[in-house]
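>>> okay, here's the prediction I keep looking at, along with the sequence it came from:
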Amino acid sequence: MNVIDCQKVNKGYRRTNALEDITFQLTDQKITGLIGRNGAGKTTLLKILAGLTKHKSGEVNVFGKNPYNNLLVSANSILVDDQMTFPDSLTLEEILRSAPAFYKKWDTQLAVRLFQYFKLDSKQQHSKLSKGSRATFNMIFGLSTHCELTMFDEPTNGMDEAVRTDFYRALLKDYIAHPRSILISSHHLSEIEHLLEDILLIHKGKVVLHADLDEVKEYAVAIQGPVADVEKWTAGEEVLHSKRVDEQKQYAVFKKNSKLERARLEGANIQMLTASEVCMYMTSESKGGIDDVFK
Ligand SMILES: Nc1ncnc2c1ncn2[C@@H]1O[C@H](COP(=O)(O)OP(=O)(O)OP(=O)(O)O)[C@@H](O)[C@H]1O
């Protein structure tokens, strides 16, 4: 069953087209990375899926329903982000105690264990937490809901490295014990690659790639060799990135194709890329890099 089904979804703000003809489906029980550069439209998309923002046109279905102001969707999904707020009249302990009333699959044991592990102060108010502690609490809350659709928007923003590592491990362990659909946007794809089954790459409000992790890694390769040879091997190909290594050598990233074997036989130095690198090059605005600014 499709947990999410988006067909030609558009969303604009006064001066920006945040999402343009977004079409994709997510089937159940997968961890999907929502990847994109700053301003790509990740937060806008997550807010639409969570029913917090209305899309302008196209069709959005979550559990077969338009999520906007839909009770079924809000009871079965959660968006964890840095905009989460809780009543100031409640302490963290009281927030966790009141959660089962809203989330039928709430896991009290998990919430308490994570809360104790991260040594949060049970008498503290949510609005008074430091940025990192707030992100940690939000993550504990989001994981413990065990919602069928759990979405995280840059969940590790503000967390220190040790907490980030613990968060990824907790997410994976809890997902294995309680499989569900998890959509996670992150600026640190290299950090979360090991968690992901699927990648949804968006750029300037459009879907550029939706594939499983191995397909993403296989999508492009890097090649290095004498300038003339690299130009020959990549002639007529979709070059995603290219840079001069030194006087004689050129480095190029291009979409994998049948010419690769010939290049290999001719002595090209072929390098596999990580999914994070493929996504970075596919959404790069310039073919070169930051070094070009300093030429
Ligand atoms: N409330 C708003 N009013 C006007 N424009 C907005 C609003 N929210 C987002 N935008 C614009 O929509 C586009 C997409 O923004 P969005 O926050 O969805 O991107 P993002 O991929 O989450 O970015 P980042 O990784 O930097 O958080 C941007 O151009 C942004 O300026």
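On my side now, so go ahead.
>>> apart from its neighbours in sequence, what residue is nearest D121?
L92 (7.1 Å; Cβ to Cβ, 6 or more residues apart in numbering). (Each C-beta comes from the backbone N, C-alpha and C, glycine too.)
>>> ok, the one you found to S57 distance?
41 Å (Cβ to Cβ, to the nearest Å).
>>> these two - which one has more neighbours?
Set L92 next to S57 and count neighbours by other Cβ atoms under 10 Å: L92 wins out with 22 against 11.
>>> got the contact list for the more buried one?
With contacts defined as Cβ atoms under 8 Å, 6 or more residues apart in numbering, L92 is in contact with F115, L120, D121, S122, K123, Q124, Q125, H126, L129, F137.
>>> please tell me I have it right and N76 contacts T150.
No - using Cβ atoms under 8 Å, N76 is not in contact with T150; the gap is 9.8 Å.
>>> name the residue in these two with the higher neighbour count.
T150 (24 against 21).
>>> contacting residues for that one?
Per Cβ under 8 Å, 6+ apart, neighbours of T150: S77, I78, V80, G142, L143, R180, S181, I182, L183.
>>> in helices only, show me the residues you listed.
Residues of these located in helices (DSSP state H): G142, L143.
>>> okay, stretch 238-249 in CSV with CA atoms only?
Output of stretch 238-249 as CSV, limited to C-alpha atoms (Å, rounded to 0.1, in the frame of the first residue of the first chain):
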residue,chain,number,x,y,z
GLU,A,238,25.9,14.1,-19.1
VAL,A,239,28.8,15.5,-17.1
LEU,A,240,27.7,16.5,-13.6
HIS,A,241,31.0,17.9,-12.4
SER,A,242,34.4,18.5,-13.9
LYS,A,243,37.6,19.9,-12.5
ARG,A,244,41.3,20.2,-13.4
VAL,A,245,43.4,18.2,-11.0
ASP,A,246,46.7,19.6,-12.3
GLU,A,247,48.3,20.7,-15.6
GLN,A,248,47.7,17.3,-17.2
LYS,A,249,44.9,15.7,-15.4
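>>> start the count at 15, not 1, going forward
Got it, the first residue is 15 from now on, which makes the last one we talked about stretch 252-263.
>>> list the contacts of the helix or strand of the chain with the lowest mean pLDDT.
In the chain, no helix or strand scores lower on mean pLDDT, DSSP states H and E than helix 273-279, which sits at a mean of 79. The contact list for helix 273-279, computed with Cβ under 8 Å, 6+ apart, reads V235, I237, G239, D243, W247, E251, I284.
>>> can you give me the buried ones in that helix?
The neighbour-count check on helix 273-279 (16 or more other Cβ atoms under 10 Å) flags K273, L274, A277 as buried.
>>> repeat for stretch 173-180
Neighbour count says stretch 173-180 has M173, V177, R178, D180 buried, by 16+ other Cβ under 10 Å.
>>> so who does T105 touch?
S136, K137, Q138, Q139.
>>> just the closest of those to L86, please.
Nearest to L86 among the contacts of T105, counting by Cβ to Cβ, is Q139 at 30.9 Å.
>>> pretty sure that closest one sits against P101.
No - between Q139 and P101 there is no contact under Cβ under 8 Å: 9.0 Å.
>>> out of the two, which sits in the busier spot?
More neighbours surround Q139 than the other of Q139 and P101, with 16 against 11 (other Cβ under 10 Å).
>>> excluding chain neighbours, what is closest to M98?
Nearest residue to M98 in three dimensions, chain neighbours excluded: N152, at 5.0 Å (Cβ to Cβ, 6+ apart).
>>> list the contacts of that neighbour.
Contact analysis of N152 by Cβ under 8 Å, 6+ apart lists V94, D95, D96, M98, P169.
>>> over to P101?
I109.
>>> for it, give its distance to V259.
Using Cβ to Cβ, P101 is found at 57 Å from V259.
>>> and what of E107?
When E107 is compared with V259 (using Cβ to Cβ), they lie 57 Å apart.
>>> the more surrounded of the two?
E107 (15 against 12).
>>> A helix includes that one, no?
Yes - counting by DSSP: H, G, I helix; E, B strand; the rest coil, E107 falls inside a helix.
>>> mind checking the SS state of the closest residue to it other than its chain neighbours?
Counting by Cβ to Cβ, 6+ apart, E107 lies nearest to S136, which is 3.8 Å off, once chain neighbours are set aside. Three-state call for S136 (three-state DSSP): coil.
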